[in-house]
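Enquirer: One predicted model, sequence on top.
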Amino acid sequence: MLSMGLRTPVDTFSAQLKDRRSVIAVALANFIVVPAVGIVLIGMLSPVAPLGVREGLVIALCAAGAPFVLQLGTMARIPYDEVAGPMAVLLVGTVLFMPITVPFLVQGVDVQAFDVAALLVGTMLAPMVAGIGLGHLMPGRADVLARTAGGVAAVSAVLMFLSGFGANSGLVAELVLSPVILLPVGVIALAFLGGRIAGDLSGPTLSVADGPAILTSQRNIAAALLVARSAPDHDEMVVAILLVSAVGFCMLVPYALGKGAVRRRRAGERTSLGALIGVAEAKQR
């Protein structure tokens, strides 16, 4: 979140907020359509999924505005402003949405709304705001600081996955080899479809229709984990959330890389691995 704030001018957010049509379309997809349809899907497969897994999936459905969509947007060659602006709007929405919905939807779990809001504000919203401020005060160093923060975040994410899956390897293997794996696959696919429709209905600030699809299908795993770990007996919830992230990675990264390669070819750019993953500037043929 610090890296994202350092790379995002304030004008990006103000322009996005003025496009009410896009804000409403993306917000409805992320906070109404995806949770509602996902909960129906989870209910249909409830006989094969443990309660903790179902609750973890519900928490993930309520968490939008994932920072990783910035990288996915780069891979898919979507303008940065069209990803960063909506993502920040969704993050603010998540801070308001999760404390209200999670205690209501996840029955029997003692999740205090104020505690959830404090976690999200302190660990996600505050670093983003700090990054925006630092970027404004030190524009010459913002990119270096953003790359450093992004590198730390990438290493932390790898360690999080290794520790989360490693500590629960038996449960992970059991879920992956069972029909339960259909739940995260279905959730990601439905979220992508909902976001794609939102892209068609959005306003002028979102010119690439599959941008909202990527934004919607990549759930905010960091926020979901923060909320899940605040509940007792959360091991199954955590594994379910990590599965959503892993499945989303396996589904969305190939899509983003493929679309990015096609768009770069059409634009007359040379397609290199560095350009595809966003670590090098694209060059003209």
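Expert: Arrived safely. Residues are numbered from 1 along each chain as shown.
Enquirer: Please count neighbours and contacts with C-alpha atoms only from this point.
Expert: Will do.
Enquirer: Look at the spatially most central residue of the chain and report its pLDDT.
Expert: Centroid-nearest residue in the chain, with CA atoms, centre = their mean: residue 66, separated by 2.5 Å. Looking at residue 66, its pLDDT is 82.
Enquirer: I'd assumed it was in a strand, is it?
Expert: No - assessed with DSSP: H, G, I helix; E, B strand; the rest coil, residue 66 is coil; it does not lie in a strand.
Enquirer: pretty sure it is touching residue 214, no?
Expert: No - using CA atoms under 8 Å, residue 66 is not in contact with residue 214; the gap is 10.1 Å.
Enquirer: Give the buried residues for stretch 19-36.
Expert: Using 16 or more other CA atoms under 10 Å as the test for burial, stretch 19-36 gives 21-27, 29-31, 33-35.
Enquirer: low pLDDT regions in the protein?
Expert: Within the chain, the segments meeting pLDDT under 70 span 12-13, 107-113, 161, 164-178, 270-285.
Enquirer: Tell me which stretches of it form strands.
Expert: Remark: strands assigned in the chain by DSSP state E are 269-270, 283-284.
Enquirer: follow-up on the earlier one: what's the nearest residue in space to the residue nearest to the centre of the chain that is not next to it in sequence sitting at in phi/psi?
Expert: Leaving aside its sequence neighbours, residue 66 sits nearest to residue 220 (CA to CA, 6 or more residues apart in numbering; 4.0 Å). The phi/psi pair for residue 220 (degrees, to the nearest 10) reads phi -80, psi 90.
Enquirer: give me the number of residues near residue 220?
Expert: Residue 220: 27 surrounding residues under other CA atoms under 10 Å.
Enquirer: mind checking how far it is from residue 27?
Expert: Relative to residue 27, residue 220 is positioned 14 Å away (criterion: CA to CA, to the nearest Å).
Enquirer: ok, now residue 57?
Expert: From residue 57 over to residue 27 (counting by CA to CA), the distance is 19 Å.
Enquirer: go on, residue 153?
Expert: Distance from residue 153 to residue 27, by CA to CA: 26 Å.
Enquirer: Let me see the contact set for the closest residue to residue 39 other than its chain neighbours.
Expert: Ranked by CA to CA, 6+ apart and with sequence neighbours excluded, the top spatial neighbour of residue 39 is residue 58, at 6.6 Å. Counting by CA atoms under 8 Å, 6 or more residues apart in numbering, residue 58 touches 35, 38-39, 102, 105-106.
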